[in-house]
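1. return atomic coordinates for the entry below.
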Amino acid sequence: MGRVVVGAGFIVALLLASPGLAAEPVDAARSVIGRQIEAFLNDDAATAYSFASPQIKGLFPSQALFFEMVKRGYRPVYRPGNFAFGRSKIEGSTVVQEVLISGPDGKDWTALYSLTLQPDGSYKINGVQMLQQAPGPEI
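-> Residues are numbered from 1 along each chain as shown. The predicted model follows:
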């Protein structure tokens, strides 16, 4: 009986880790952030813009304006040397995710991403706060 319970627990753990199932909010947020950074690295404005929340799109109503804003104001995010996910916090329908970034100039940064749950169940980036320190303060 003990082996059956352990085996069943292992199978449940594998199923929960499966990418085909609904991701936990933190996993979904990290996926969105990683894919947006990849789009920046590939100069793919359309894909990078697709991860922005409706509120951000309201402030930057075109891909070109959004991409230019990121290039100028968020250079470590636009061209990270390396990045790693740090701490995260869930507040209602918002995920705050810390991303530790080595900028193109070699300086360390902490980017605090705020992602909001959308009506379709996806998470979109609703803001990024850059702190020139790593790791950042408590989130």
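
2. and the gap between Pro76 and Leu131?
-> 10 Å (Cβ to Cβ, to the nearest Å). Backbone N, C-alpha and C define where each C-beta goes, glycine included.

3. what do those two both touch?
-> 109, 111 (Cβ atoms under 8 Å, 6 or more residues apart in numbering).

4. looking at those two, which is more packed in?
-> Pro76 (22 against 14; other Cβ atoms under 10 Å).

5. now that one: how far from Ser50?
-> In terms of Cβ to Cβ, Pro76 sits 21 Å off from Ser50.

6. contacts made by stretch 70-81 with the rest, please.
-> Under Cβ under 8 Å, 6+ apart, the answer for stretch 70-81 is 37, 40-41, 48, 101-104, 106-107, 109, 111, 128, 130.

7. please produce JSON lines containing those residues, extended by distance to Gly121.
-> Below are the contacts of stretch 70-81 laid out as JSON lines (distance: Cβ to Cβ, whole Å):
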{"residue": "Ile37", "distance to Gly121": "22"}
{"residue": "Phe40", "distance to Gly121": "24"}
{"residue": "Leu41", "distance to Gly121": "27"}
{"residue": "Ala48", "distance to Gly121": "21"}
{"residue": "Ile101", "distance to Gly121": "28"}
{"residue": "Ser102", "distance to Gly121": "33"}
{"residue": "Gly103", "distance to Gly121": "33"}
{"residue": "Pro104", "distance to Gly121": "34"}
{"residue": "Gly106", "distance to Gly121": "39"}
{"residue": "Lys107", "distance to Gly121": "36"}
{"residue": "Trp109", "distance to Gly121": "30"}
{"residue": "Ala111", "distance to Gly121": "24"}
{"residue": "Val128", "distance to Gly121": "22"}
{"residue": "Met130", "distance to Gly121": "28"}
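
8. and the buried ones among these, selectable in PyMOL?
-> Per 16 or more other Cβ atoms under 10 Å, the buried members of the contacts of stretch 70-81 correspond to this PyMOL selection:
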select buried, resi 37+40+48+101+102+103+109+111+128+130
